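Below is the sequence, then the predicted model.
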Amino acid sequence: MTNKNMLVAICVLGFLAVALGAFGAHGLKPYMNDYQARIWEKGVSYQFYHVLAAMVAFVLYDLKGVRYLLTAVYFFLIGILLFSGSLYALATIDITGLPKEVLGPITPFGGLFFLMGWGTMIYAVVKYSKLSEK
């Protein structure tokens, strides 16, 4: 993926976080109970957090050229798709009829990718002093 495409992907996921937050609060509200609404909100929150983390990792990668930061970006993006995506699906299970047995186990894998992204960023910062240079 080119740098431009990666940046576009991060921005699209940020855009979608806003849109999905609004859609859940307004469009889906009549169709979800309080528990489902909280699941939806958790998906939106974690999507926002990790879009910002991906953006920081990508900008640092672009400025400093530490490839581990690009790896962290990929981990964050995969985590968003698996973690937040599965929470959106779980929150709307009554509407979509998707099987809970398949969706439930996906969420922890998304969380694992988030952890791998953060761990990779920690490794990059510790290993490469040029990240702390001006």
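In hand now; what should we look at? Numbers count the residues shown, from 1 in each chain.

quick one, helices of this protein?
Remark: helices assigned in the chain by DSSP state H are 3-22, 34-64, 67-79, 85-91, 93-96, 100-103, 106-127.

ok, now which ones touch the residue nearest the centre of the chain?
Among the residues of the chain, the one closest to the centroid is I80, at 2.6 Å (C-alpha atoms, centre = their mean). Going by C-beta atoms under 8 Å, 6 or more residues apart in numbering, I80 touches 13, 46-47, 50-51, 54, 110. In this view, the C-beta of every residue, glycine as well, is placed from N, C-alpha and C.

which one of those is nearest L60?
The nearest member of the contacts of I80 to L60, counting by C-beta to C-beta, is A54 at 10.9 Å.

distance of the closest one from L69?
A54 is 10 Å from L69, where distance means C-beta to C-beta, to the nearest Å.

Likewise for F58?
7 Å.

Then L90?
As judged by C-beta to C-beta, L90 and L69 stand 31 Å apart.

Just give me the neighbour total for the residue lying closest to L16 once chain neighbours are set aside.
Distances taken as C-beta to C-beta, 6 or more residues apart in numbering place Q47 nearest to L16, at 7.4 Å, with adjacent residues excluded. Q47 has 25 neighbouring residues, counting by other C-beta atoms under 10 Å.

wait, doesn't Q47 sit right on G24?
No: taking contacts as C-beta atoms under 8 Å, Q47 lies outside contact range of G24: 11.3 Å.

Run through who's touching the helix or strand bottoming out on mean pLDDT in the chain.
Least confident helix or strand, the chain: helix 100-103 with a mean of 78, by mean pLDDT, DSSP states H and E. Residues from elsewhere that reach helix 100-103, judged by C-beta under 8 Å, 6+ apart: 86, 89-90, 93.

What about P105? Give its phi and psi, please.
Listed backbone geometry of P105 is phi -70, psi -10, with angles given as degrees, to the nearest 10.
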